[in-house]
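Engineer: following is a predicted model, sequence given first.
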Amino acid sequence: MMVIGHRGAAGLAPENTLGAIRKGLELGVQGIEVDVQLTRDGKPVIIHDFSVDRTSNGTGEVANLTLEEIRRLDAGSWFGREFQGERIPTLVEVLETVPPNVMLNLELKQITFQRRGLEEAVAKELKQFGRWDNVVVSSFDHKALETIKGLLEDLRIGLLTYNYLLNPQVYLDSLGFQAYSVHPAFELVDQQDCKAYKERGLKVFCYTVNHHETAREIEALGVDGIFTDRPDLFL
């Protein structure tokens with residue numbers, strides 16, 4: 001079963017920083033997952049919350065701060081003194097850090113009714129970097145996934161879900177694009193769903209798994225991989 005470092009390795013280093021990504025890579029993860037948002041001046045940066053308050057020494061909404069303002073923040077000290085000076089990275093820095101043999105999962109984070117061009121900005125940087133063959137773009141906002149799939153036709157798309165799909169086959173048929181994978185919460189996955197997804201040729205990656213017992217249970221269902229804050233426990 002594939003081990004994907006959640007927000008790099010969020011249980012071992014400050015989440016969504018290059019330090020966390022490098023920690024996951026050092027441990028030998030097969031995938032790295034990070035969150036992508038737009039700054040006020042339209043630059044894709046790596047952060048989960050819509051505010052910088054929890055994971056930096058700054059305050060304010062990501063969408064209201066420029067890249068220059070965000071880059072001045074310390075994104076490591078909140079986690080531990082040894083991480084002082086870690087910065088909120090850009091998407092470009094992450095693309096440069098994660099090697100092509102490791103899957104990179106970019107989760108699009110934006111307030112649904114405040115679309116500001118995140119899909120276009122991410123697609124542009126992937127094109128400029130010239131690498132998206134081992135990139136999966138995921139989101140709970142499936143309309144955003146349809147948009148970015150239209151911009152990069154061969155991009156792999158991951159459907160994040162936070163509740164049960166009553167009829168997975170009908171829902172998948174209703175989408176305007178072909179997905180690569182489905183990403184359910186581990187509490188909401190069962191053998192029947194896994195079978196339905198596999199019949200459609202989809203991978204199943206579950207979030208967020210931090211205990212061996214949980215991993216064993218969902219592996220028996222046919223899950224292909226897990227997102228984990230503690231990749232050291234599974235490698």
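Structural biologist: That came in fine, so what should we check first?

Engineer: low-confidence ranges, this structure, go.
Structural biologist: Along the chain, the model assigns pLDDT under 70 to residues 113, 166.

Engineer: distance from the centroid: which residue in it tops it?
Structural biologist: Taking Cα atoms, centre = their mean, the residue of the chain most remote from its mean C-alpha position is Arg81, at 25.9 Å.

Engineer: please report the distance of it from Thr228.
Structural biologist: Distance, Arg81 to Thr228, using Cβ to Cβ, to the nearest Å: 25 Å. Every residue, glycine included, has its C-beta placed from N, CA and C.

Engineer: could you measure from Phe234 over to Gly58?
Structural biologist: Taking Cβ to Cβ, one finds Phe234 at 33 Å from Gly58.

Engineer: what of Lys109?
Structural biologist: In this view, Lys109 and Gly58 are 17 Å apart by Cβ to Cβ.

Engineer: comparing those two, which residue is more hemmed in?
Structural biologist: Lys109 (21 against 16; other Cβ atoms under 10 Å).

Engineer: who's in contact with the more buried one?
Structural biologist: In this structure, Lys109 makes contact with Asp35, Val36, Gln37, Ile47, His48, Phe50, Leu118, Ser139, judged by Cβ atoms under 8 Å, 6 or more residues apart in numbering.

Engineer: weed out the non-buried ones from these.
Structural biologist: Buried by 16 or more other Cβ atoms under 10 Å: Asp35, Val36, Gln37, Ile47, His48, Leu118, Ser139, out of the contacts of Lys109.
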